[in-house]
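S.K.: No sequence on hand, only this structure:
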């Protein structure tokens, strides 16, 4: 939604509100282009752009020479009318049992749902290190109170049960989107790319070392290296940040460490996942950890079908 600007975004938000609150039920025809121009004071291109965006989201459908109509169960897609009705039904049922506290009951339901999700997860977050996968899964749990299975890509083997059959959707990042798409195709599972950013809190834990005056961002690909280096520089302004592209990970990092007394080696997750334990234990070597970017939470919540 943040990519839609100005009046078009206002129209989309207004329509979503009308659908979510049940004021526009399934099958209702949206205002015609001419009616919408007068209603919202915009031109036909803005109206059509907003309606097409609603169609892309899956809330309305167009009919040839007829206009746009609210789709069946569209209110459930944006959340609240159906859930409110269900809440009232459950509340009434709980009210018949005086020994049940309403707040406790719903907390109990939530705990049961989380427990079931851990046993039969519907979503998995794939990263090249188990730590990074757990970081992102932990973010989602903290933010949305939803369980996502953390999976290390390096641990997945053909025919492996590392990804349970219950998993419907694989979440990953731009680092690994191509390989995860290929895996998703093999397993018949949806794949969603979640944009991420360098985690400033984790970076600050080693960015303030007084014995280090420069850092080397080590990556496999130039464009990704430049993006990471820029983010790191913004967070560690007192240090000189350089970049190093490598191919033979183990050998080249070993050579760099032989002459790296006063610099940190900041390894991207892709590089970190290919390093030996000995390299990872070196105090001069650090994993650049990431977090889900602020603008990506709507993607996450939409994927998990949880209002955000």
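M.R.: Done, it's in. For clarity, every value in this text was computed on a predicted model and none was experimentally measured. Numbering: from 1, shown residues only.

S.K.: Provide the secondary structure category for the most far-flung residue of the chain relative to its centre.
M.R.: Residue distances from the centre of the chain (Cα atoms, centre = their mean) peak at residue 98, which lies 41.1 Å from the mean C-alpha position. Judged by DSSP: H, G, I helix; E, B strand; the rest coil, the three-state class of residue 98 is coil.

S.K.: for it, what are its contacts?
M.R.: Not one residue lies near residue 98 by Cβ atoms under 8 Å, 6 or more residues apart in numbering. Quick note: C-beta positions are derived from backbone N, CA and C, even for glycine.

S.K.: and if you look at residue 276?
M.R.: With contacts defined as Cβ under 8 Å, 6+ apart, the neighbours of residue 276 are residue 250.

S.K.: rewinding a little: phi, psi of the residue farthest from the centre of the chain?
M.R.: Note on residue 98: backbone dihedrals following degrees, to the nearest 10 are phi -60, psi -20.

S.K.: What's the separation between it and residue 265?
M.R.: Counting by Cβ to Cβ, to the nearest Å, the gap from residue 98 to residue 265 is 64 Å.

S.K.: for residue 224, same thing?
M.R.: Look at residue 224 and residue 265: by Cβ to Cβ, they are 16 Å apart.

S.K.: Neighbour count: these two, which is higher?
M.R.: Looking at residue 224 and residue 265 with other Cβ atoms under 10 Å, you find the greater number of neighbours at residue 265, namely 20 against 16.

S.K.: Please name every helix or strand in contact with the helix or strand hosting residue 224.
M.R.: Taking DSSP states H and E as the criterion, the element that holds residue 224 is helix 222-235. Contacting helix 222-235 under the criterion 3 or more Cβ pairs under 8 Å, 6 or more residues apart in numbering; DSSP states H and E are the following elements: strand 196-198, helix 200-207, strand 214-219, strand 240-245.

S.K.: Quick one: residues in contact with the third one.
M.R.: Outside strand 214-219, the residues within contact range by Cβ under 8 Å, 6+ apart are 225, 228-229, 232, 236, 239-246, 253, 256, 260, 262-268, 270-271, 288.

S.K.: Where does pLDDT dip in the stretch 201-308 of the chain?
M.R.: The model of the stretch 201-308 of the chain has pLDDT under 70 over residues 202-212, 307-308.

S.K.: Swap in 80 and give it another go.
M.R.: 201-213, 235-239, 259-263, 307-308 (pLDDT under 80).

S.K.: distance between the ends of stretch 245-254?
M.R.: For stretch 245-254, the separation between the terminal residues is 14 Å (Cα to Cα, to the nearest Å).

S.K.: cool, stretch 184-191 as well?
M.R.: 6 Å.
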